[in-house]
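>>> Pasting a predicted model and its sequence here:
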Amino acid sequence: MAIAIAASVAGGPEVLHQIDLPTPSPKTGEVLVQHTAIGVNFIDTYFRSGLYPWPVESDLVLGSEAAGVVVALGDGVSNYAIGDRVAYTIPNGAYVSERVVDAKHLVKLPDGVSDDVAAASMLKGLTAHYLLHRSYPVQKGQTVLFHAAAGGVGLIAGQWLAAKGVTVIGTAGGPEKCALAAKHGYAQMIDYKSEDFVTRVAEITNGAGVDAVYDSIGKDTIAGSLNCLKTFGTLVNFGQSSGPALDFKLSDLAAGSFTVTRPVLFHFTADRSYLESASASLFEMIQNGTLKINVNQRYDLTNAADAHRALEARQTTGSTVLIP
């Protein structure tokens, strides 16, 4: 018997509840994975709240990244064996003690990458990868702005950008979060609770602006993010933790001949070759110490609602995982 945490209807954390499921059997091309750690991300709250359309009518099992151990194989699976440590990131379904996953979504975990680090870094680490290498391929010597610098993606991206020789300015709420991000590659930090980030970016760059802004906040920051860009700069919007930017207009880009993109991780990882190469790059950076993954909050799977409350209240730093 497997246990899962599902949302009964769209709403707040209180809609999350436990359901019991029969242990699934893998079909052709599938693998049964017993979870050891499950990542918690803002995308989970977007689905739970109804901000993103529900793919089912009721009892939506949330969660988009996890790590675990292979315990059964379906027919035709030859590249995995029982006992292999694996991880994956796919939309929804991960808040469960064990589940069947199509083998094409899995990657093997190398020695030196623990299960909780893998569960905390598949979605966030691969998000950082596509942001910096595909959405806006940042170059050594450039300057960028990264919002939510103390969050899971932000801490990974700051280290990766610094390793690439990029000057990265970050925003975060409060001195503690700013201090944390400053230890993870950020050259300058802006406390958005006490400072106007547009004014501070202008001061830091002597009025030049930044080459790109990576923005997962949405409604509260989009207009300001555009005002931070150099002429021909790029805005990469990859989330909306403050809500969708409903006032944004295409004509807003004319102020500086700006480029804007709204990428989605799962469009990239649907390409098996990208998934393999990006995961290998991520794991190598973790193994050699370039990327330090901070798992700063751990909750029992049955306490997923508390994890959501802390995340939405911006009381977390780094990554949060659920332990089945």
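Yep, that arrived.
>>> where exactly do the helices run in the stretch 101-250 of the chain?
With DSSP state H, counting those that start in this stretch, the ranges of helices along the stretch 101-250 of the chain come out as 115-130, 152-163, 175-182, 197-204, 222-227.
>>> any chance of these in TSV, with mean neighbour count and distance to Leu106 too?
All C-beta spots, glycine's among them, are computed from the backbone N, C-alpha and C. Output for these, formatted as TSV (neighbours: other C-beta atoms under 10 Å; distance: least, C-beta to C-beta, whole Å):
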stretch	mean neighbour count	distance to Leu106
helix 115-130	26	10
helix 152-163	25	21
helix 175-182	19	32
helix 197-204	18	39
helix 222-227	20	35
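>>> and of these, who's closest to Arg309?
Relative to Arg309, the nearest member of the helices of the stretch 101-250 of the chain by C-beta to C-beta is helix 152-163, separated by 16.7 Å.
>>> Can I get the helices of the stretch 101-250 of the chain in JSON lines including distance to Glu57 and mean pLDDT?
Formatted as JSON lines, these follow (distance: least, C-beta to C-beta, whole Å; pLDDT from 0 to 100):
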{"stretch": "helix 115-130", "distance to Glu57": "25", "mean pLDDT": "96"}
{"stretch": "helix 152-163", "distance to Glu57": "30", "mean pLDDT": "95"}
{"stretch": "helix 175-182", "distance to Glu57": "38", "mean pLDDT": "95"}
{"stretch": "helix 197-204", "distance to Glu57": "41", "mean pLDDT": "98"}
{"stretch": "helix 222-227", "distance to Glu57": "32", "mean pLDDT": "95"}
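>>> Would you mind naming the residues that bridge with Thr171?
Counting by DSSP bridges, Thr171 forms beta bridges with Ile190.
>>> How about the contacts made by it?
Contact partners of Thr171, counting by C-beta atoms under 8 Å, 6 or more residues apart in numbering, are Leu145, Phe146, His147, Ala148, Ala149, Met189, Ile190, Asp191, Tyr192, Phe197, Thr221.
>>> ditto for Asp59
Per C-beta under 8 Å, 6+ apart, neighbours of Asp59: Ala6, Ala7, Ser8, Ile19.
>>> And for Gln297?
Val40, Ala307, Ala310, Thr316, Gly318, Ser319, Thr320, Val321.
>>> ranges for the strands of the stretch 151-300 of the chain?
Using DSSP state E, counting those that start in this stretch, the strands of the stretch 151-300 of the chain run over 167-172, 188-191, 210-215, 229-237, 259-261, 295-300.
>>> In terms of helices and strands, where is Gln34?
Counting by DSSP states H and E, the element that carries Gln34 is strand 30-40.
>>> so which of the helices of the stretch 101-250 of the chain gets nearest Gly63?
Gly63 lies closest to helix 115-130 among the helices of the stretch 101-250 of the chain, at 9.6 Å (C-beta to C-beta).
>>> Chain neighbours aside, what residue packs nearest to Val70?
Asp84 (4.5 Å; C-beta to C-beta, 6 or more residues apart in numbering).
>>> rewinding a little: mind giving me TSV with the helices of the stretch 101-250 of the chain and columns for distance to Leu291?
Output for these, formatted as TSV (distance: least, C-beta to C-beta, whole Å):
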stretch	distance to Leu291
helix 115-130	7
helix 152-163	5
helix 175-182	14
helix 197-204	25
helix 222-227	25
